[in-house]
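Asker: how would this look folded up:
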Amino acid sequence: MIGWLQSLFLDKRAREALQGRAPLPPRPRLHVVTVPPRERDVHAALAEAEERMRRLPPEKAQLIRTAMAVRRASQSALAHLSDDEMDKLRSVAEKALLGGGR
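Answerer: Model prediction:
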């Protein structure tokens, strides 16, 4: 029963240490090398996006283009607001979305 409990709770090195055997040599650790993302210029990224858009069905591609245009327009409208106006807009949006304004 004790052997079963040892196998349940102890790893192989700990069991061997209890039994008086020489422990196994430690495994070499793998070194993880992170590769920084490759820098792309704007023109290459846009060309790649357009190439992917050509492979989509025309209706879906047009829907994506329209959504991107709407997002650009809303971002440019928000870019002209001051910090105070952004805070007011944020609080109004939170009240509307979270139901705190009623």
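Asker: Per-residue pLDDT of G100, please?
Answerer: Each residue has a pLDDT score; the one for G100 is 63.
Asker: can you check M86 too?
Answerer: pLDDT, the model's per-residue confidence, is 90 for M86.
Asker: What about this structure, which residue is the most distant from its middle?
Answerer: Summary for the chain: using C-alpha atoms, centre = their mean, the residue whose C-alpha lies farthest from the chain's mean C-alpha position is G20, with a distance of 47.4 Å.
Asker: Going along the chain, name the helices of this protein.
Answerer: For the chain, helices defined by DSSP state H occupy the ranges 2-9, 12-19, 42-54, 58-79, 83-98.
Asker: T34: which of the ones you listed is closest?
Answerer: Proximity to T34 (C-beta to C-beta) singles out helix 42-54 among the helices of the chain, at 21.6 Å. Yep, even glycine has a C-beta here, placed from its N, CA and C like the rest.
Asker: now the angle from that closest one to helix 58-79?
Answerer: Using axes from the mean of the first three to the mean of the last three C-alpha atoms, to 10 degrees, one finds that helix 42-54 and helix 58-79 are set 140 degrees apart in direction.
Asker: contacts for helix 42-54?
Answerer: Here helix 42-54 makes contact (C-beta atoms under 8 Å, 6 or more residues apart in numbering) with 40, 61, 64-65.
Asker: And stretch 69-82, by the same measure?
Answerer: Contacting residues not belonging to stretch 69-82 are listed as 86, 89 [C-beta under 8 Å, 6+ apart].
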